[in-house]
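Visitor: Sequence first, predicted coordinates after that:
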Amino acid sequence: NAGVTQTPKFRILKIGQSMTLQCTQDMNHNYMYWYRQDPGMGLKLIYYSVGAGITDKGEVPNGYNVSRSTTEDFPLRLELAAPSQTSVYFCASSDREYGGYTFGSGTRLTVV
Amino acid sequence: QQQVKQSPQSLIVQKGGIPIINCAYENTAFDYFPWYQQFPGKGPALLIAIRPDVSEKKEGRFTISFNKSAKQFSLHIMDSQPGDSATYFCAASYYGGSQGNLIFGKGTKLSVKP
């Protein structure tokens, strides 16, 4: 009963590098989300998906990309990393249109 | 209109005290108001949630009070314990808006002193 699994837990990137944050859930949830959390700023929605093959932008999508080829997986791609992308990233899933999100344990990313 | 304003930013209480965290919203279409609890190094976890057809909901030591006319809701923690020390987030969403995505407050860091 793993829930939402995120990898890696920590990563240091150099400016201009790219990477993919992995997220997988084993609850057969249709809805999946990527948030970033910065100190004192709460959680900001980056991208979300309502099912395989369907994704849409959230509040802060610039510099990121997503794909949803299966129900289980929702990877977040960072292209040309910038210091402003230093943050903690959380993936979440839900089995209904609103409420009751299950979050992963997060990926702490530092861009230097 | 999409904002959820949360206060205070931080809160320190003694064991057994009753910390109260407040949230306010503007969008009257919001119809689901959850609270999440986050421990250091962990993801947020759903604590308790309320819909606007009730004014109060209790689950164990946690109570949500909801004031629809004032567009405010609050979390009370009865008989608080050091293990309740965490960051608490309120949130809101509504059916039909951006697929009902949650809008989060900025969080309240609670410390319960022994």
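Guide: Structure received.

Visitor: Please identify the buried residues of the helix or strand hosting A:Arg77?
Guide: Assigned by DSSP states H and E, A:Arg77 belongs to strand A:76-78. Within strand A:76-78, the residues that qualify as buried are A:Leu76, A:Leu78, counting by 16 or more other Cβ atoms under 10 Å in any protein chain shown. (C-beta placed from N, C-alpha, C; glycine too.)

Visitor: Pairing partners for that strand, with directions?
Guide: In its sheet, strand A:76-78 lies beside strand A:19-25 (antiparallel), strand A:64-66 (antiparallel), with partners assigned from DSSP bridges.

Visitor: Quick one: name the residues of chain A near chain B.
Guide: A:4, A:31, A:33, A:40-43, A:45, A:48, A:50, A:56, A:58, A:90, A:92, A:97-106 (Cβ under 8 Å from any Cβ of the partner chain).

Visitor: what's the burial count for B:Thr108?
Guide: 22 (other Cβ atoms under 10 Å in any protein chain shown).

Visitor: what residues are up against it?
Guide: Neighbour list for B:Thr108: B:Gln6, B:Ser7, B:Pro8, B:Gln9, B:Ser10, B:Leu11, B:Ile21, B:Thr87, B:Tyr88, B:Phe89 [criterion: Cβ atoms under 8 Å, 6 or more residues apart in numbering or on different chains].

Visitor: Take the residues you listed and write them to CSV, including pLDDT, neighbour count and distance to B:Ser65.
Guide: Conversion of these to CSV gives the following (pLDDT from 0 to 100; neighbours: other Cβ atoms under 10 Å in any protein chain shown; distance: Cβ to Cβ, whole Å):
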residue, pLDDT, neighbour count, distance to B:Ser65
B:Gln6, 96, 22, 15
B:Ser7, 96, 15, 15
B:Pro8, 97, 13, 16
B:Gln9, 95, 10, 20
B:Ser10, 96, 11, 21
B:Leu11, 97, 18, 16
B:Ile21, 98, 21, 11
B:Thr87, 96, 19, 20
B:Tyr88, 97, 24, 14
B:Phe89, 96, 26, 17
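
Visitor: who does A:Thr5 bridge with?
Guide: As for beta bridges, A:Thr5 partners with A:Thr24 under DSSP bridges.

Visitor: Settle this for me: it is touching A:Gly104, isn't it.
Guide: Yes. Assessed by Cβ atoms under 8 Å, A:Thr5 is found in contact with A:Gly104 at 6.2 Å.

Visitor: So for these two, which residue has more residues nearby?
Guide: A direct count of neighbours by other Cβ under 10 Å for A:Thr5 and A:Gly104 places A:Gly104 higher, at 25 against 14.

Visitor: circling back: let's have the strands paired with strand A:76-78 in TSV, adding mean pLDDT, distance to B:Phe62 and mean neighbour count.
Guide: As requested, the strands paired with strand A:76-78 are exported to TSV (pLDDT from 0 to 100; distance: least, Cβ to Cβ, whole Å; neighbours: other Cβ atoms under 10 Å in any protein chain shown):
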stretch	mean pLDDT	distance to B:Phe62	mean neighbour count
strand A:19-25	97	26	20
strand A:64-66	97	34	19
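
Visitor: With that, I have no additional questions.
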